[in-house]
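1. A structural model of the following input is requested.
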Amino acid sequence: MVLMVVDVQKGITDERLYNFPVFIDNVKKLINAARSNHVEVIYVQHDDGPGTGFSIGDEEFEIYEEIRPMGQEKVYYKTTNSCFGNADLTAYLQNMGAKTLFIIGLQTNFCIDATVKSAFERGYEVVVPLGANSTFDNEYMDGETTYKYYNEMMWPQRFAACLSVDETIERINKQS
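-> Residues are numbered from 1 along each chain as shown. Below you'll find the predicted structure:
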């Protein structure tokens, strides 16, 4: 089991996100549950490249203060939507024998969706805790509609189990 915290970075983690207070609270709960039960927490950061303001060394690129990695928790960088675009992360997950991935973070309709589908295609059991991913309004849908489209229609019974935060924490607790 691995908890993947995707792109919860300073430049995009704020009140513009759909249901922001609930989102950040749920992310903290899940990280704390994983740490308490010795489930590995892996962080992934998106790098748009030098000069974009959202790259290594930029303040906006840094992981959001309230959920920073602790101790020896691993951090990987990616330049594509799917976390599996990072060959080192992909190899690490294979080598450690991970079978279940809990995927949380930003943004629902970009990096979370790509990572969920990529994980599914690689044979992982994928769990998306409800309320632990979010996104912004866009020109086609508001953030709430986008969130519901993926969490209630697109992923369940196709690519991932979409469970409540409490159900997810119960699964994490059973691992210890």
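2. can I assume T145 sits in a helix?
-> Yes. Checked against DSSP: H, G, I helix; E, B strand; the rest coil, T145 lies within a helix.
3. Give me the distance between it and K99.
-> 33 Å (Cβ to Cβ, to the nearest Å). C-beta coordinates here come from the backbone N, C-alpha and C atoms, glycine included.
4. List the contacts of the residue most central in space within the chain.
-> Centroid check for the chain by Cα atoms, centre = their mean gives I104 as the closest residue, at 2.8 Å. I104 is in contact with 3-6, 8, 26-27, 30, 112, 128-129, 132-133, counting by Cβ atoms under 8 Å, 6 or more residues apart in numbering.
5. If we use 10 Å, what do you get?
-> For I104, the contacting residues are 3-6, 8, 23, 26-27, 30-31, 34, 41, 67, 112, 127-129, 131-134, 165, 168, by Cβ atoms under 10 Å, 6 or more residues apart in numbering.
6. That one sits in which helix or strand?
-> Using DSSP states H and E, I104 sits within strand 100-106.
7. Give me the sheet partners of that strand and which way each runs.
-> Using DSSP bridges, strand 100-106 pairs in its sheet with strand 2-6 (parallel), strand 125-129 (parallel), strand 133-134 (parallel).
8. Can you say which of these is packed in most?
-> strand 133-134 (a mean of 30; mean count of other Cβ atoms under 10 Å).
9. List of residues touching that one?
-> 6-8, 12-13, 16-20, 22-24, 26-27, 103-109, 111-113, 116, 143-144, 146-147, 150-151, 155, 162.
10. For that strand, give the mean pLDDT please.
-> Confidence for strand 133-134, expressed as mean pLDDT, is 99.
11. go on, stretch 150-166?
-> On average, stretch 150-166 scores 98.
12. What of stretch 3-10?
-> 98.
13. now the end-to-end length of it.
-> 20 Å (Cα to Cα, to the nearest Å).
14. Also stretch 58-67?
-> Start-to-end span of stretch 58-67 (Cα to Cα) is 18 Å.
15. List the buried residues for that stretch?
-> 58, 61, 63-64, 67 (16 or more other Cβ atoms under 10 Å).
16. Can you pull out the residues in contact with that stretch?
-> With Cβ under 10 Å, 6+ apart as the criterion, stretch 58-67 contacts 5, 7-14, 24-25, 27-28, 30-32, 41, 43-48, 50-56, 68-69, 75, 77, 104-106.
17. let's go with 7 Å and repeat that
-> If you take Cβ atoms under 7 Å, 6 or more residues apart in numbering as the criterion, stretch 58-67 is touched by 5, 8-11, 13, 24, 27-28, 31, 43, 45, 47, 53-55, 69.
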